[in-house]
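Colleague: kindly generate the corresponding structure for this input.
(one chain, ligands or ions: 1)
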Amino acid sequence: MIKLKKLGLSMAIAASLVAFSAPSFSGEEMEVGKVAVEAQIQGLERVTQTLVAPPFLPEHNQVAVGGPKIVEMTMTIVEKEMEIAPGAFVQALTFEGTNPGPMIVAHVGDYVELTLKNPATNSMLHNIDFHAATGALGGGGLTNVAPGQQVVLRFKATKAGVFVYHCAPGGVMIPYHVVSGMNGAIMILPREGLKDEKGNAVSYDKAYYVGEQDWYLPKGEDGKYKRYAAPAAAMGETLEVMKTLIPTHLTFNGKVGALTGENAMTAKVGETVLFLHSQANRDTRIHLIGGHGDLVWTGGSFDDVPTTNRETWQIGGGEAAAALYTFQQPGIYVYINHNLIEGVMLGAAAHVSVEGEWNNDLMEQVSKPGPIQ
Ligand SMILES: [Cu+2]
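Modeller: Model (predicted):
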């Protein structure tokens, strides 16, 4: 608490931190089951997953090969200043230095074993809550790491789907860390892969991960967005903007324009693309202009029968969803939050650049624009 006062937090905030602090889960109950689990997972193959920056996914099999594995990976927490739009800087809190954090991929029955590192150069306590995990606040209660510490969490992937993960260190630090960028997603595939609405196997040629982020940047008296020297320095005024519930920016992958123009996602006519989309804090609705969601797992569960022919699909705050689409026409598609004020004016938009042959049967300009006759 003494340190918090130094950081200039109000007593009200400090009190709420105490009230909502994550309970400790290092109890005896855990020790009892430990021996049995060690025996159960002994001998399982260990594979190391190399995480990559979004919108890309780590190398993975769509259909599981062999039996359950222990999928291990490391994530380093990075506190850094990020420019989320021209002249708009944030003291970002991130997993692996990106917003969103990297996509993790495993199969149902696998064990996910994460080494979470909080380097001594950071200033804050962090942890991770996996919405895909069961117990201990999604692992948040077992993963609190101060600067200079690391922790190893293992959880069994029992639910098929795409799920958010985020930092949740207690009290107002939970929304503060989440809207400072500290969230990502994990995809737990069914061992037999994805299925369409009729139960037939489907696969994708490529997959992209788009993380939507709401940002709340304070403005100075000069009307310009304020720039701060450290996350703690930004916190008080940022919380005031957060309380309005009106974001100043909405980004797809950490920066307005991160996935547009030269940075567009790409595909070819005939390719099937899986789009994974997360929003850790706020509702959104995704639309692919000129295309569709052929199959959409709204809510993110791959155990659900996917809905078909979707124009727009909702994603609730704290949720991820998956949409599969086979491109039929070349051109630039806009992948957008279809609250068009949010998509066009606040930044929540991306492009998919698709190569291939135009199909006049699907669409044709019968006559060019000209004078009314
Ligand atoms: Cu954090």
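Colleague: three-state assignment of residue 213?
Modeller: At residue 213 the chain is in strand, as set by DSSP: H, G, I helix; E, B strand; the rest coil.
Colleague: measure it to residue 166 for me?
Modeller: As judged by CB to CB, to the nearest Å, residue 213 and residue 166 stand 11 Å apart. Using the backbone N, CA and C atoms, a C-beta is placed for each residue, glycine as well.
Colleague: where's the spatially most central residue of the chain, which helix or strand?
Modeller: Note on the chain: the residue nearest the mean C-alpha position is residue 184, at 2.9 Å, using CA atoms, centre = their mean. In the assignment (DSSP states H and E), residue 184 maps to strand 183-189.
Colleague: against which helices or strands is the helix or strand following that strand packed?
Modeller: Per DSSP H and E, the first helix or strand lying C-terminal to strand 183-189 is strand 194-195. On a contact count with 3 or more CB pairs under 8 Å, 6 or more residues apart in numbering; DSSP states H and E, strand 194-195 meets strand 201-202.
Colleague: show me what the strand it packs on pairs with in its sheet, parallel or antiparallel.
Modeller: strand 194-195 (antiparallel) (DSSP bridges).
Colleague: partners of whatever residue of the stretch 1-150 of the chain ends up closest to the ion in the sheet?
Modeller: Nearest residue of the stretch 1-150 of the chain to the ion (CB to the ion) works out as residue 126 at 3.3 Å. For residue 126, the beta-bridge partners under DSSP bridges are residue 145.
Colleague: cool, residue 75 as well?
Modeller: residue 116.
Colleague: near the ion, which residues of this structure? Just list them.
Modeller: Residues of the chain lying close to the ion (CB under 5 Å from the ion) are 93, 126, 167, 177, 182.
Colleague: again, only this time at 6 Å
Modeller: Neighbours of the ion within the chain, by CB under 6 Å from the ion: 93, 126, 167, 169, 177, 182.
Colleague: any chance of the residues you listed in CSV, plus neighbour count?
Modeller: Shown next, in CSV, are those (neighbours: other CB atoms under 10 Å):
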residue, neighbour count
93, 27
126, 27
167, 29
169, 25
177, 25
182, 31
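Colleague: quick check: closest non-adjacent residue to the residue nearest to the centre of the chain.
Modeller: Spatial nearest neighbour of residue 184, chain neighbours left out: residue 101 (2.9 Å); criterion: CB to CB, 6 or more residues apart in numbering.
Colleague: contact partners for the one you found?
Modeller: Counting by CB atoms under 8 Å, 6 or more residues apart in numbering, residue 101 makes contact with 54, 75, 94, 95, 165, 182, 183, 184, 211.
Colleague: mind running it again at 10 Å?
Modeller: Contact partners of residue 101, counting by CB atoms under 10 Å, 6 or more residues apart in numbering, are 51, 53-54, 75, 77-78, 94-95, 128, 165-167, 181-186, 209, 211, 278, 280.
Colleague: among the residues of the chain next to the ion, which one lies nearest to residue 84?
Modeller: residue 93 (13.1 Å; CB to CB).
Colleague: give me the distance from the helix or strand the closest one falls within to the chain's centre.
Modeller: Using DSSP H and E, residue 93 sits in strand 88-95. The chain centroid and the centroid of strand 88-95 are separated by 15 Å, computed with CA atoms, centre = their mean, to the nearest Å.
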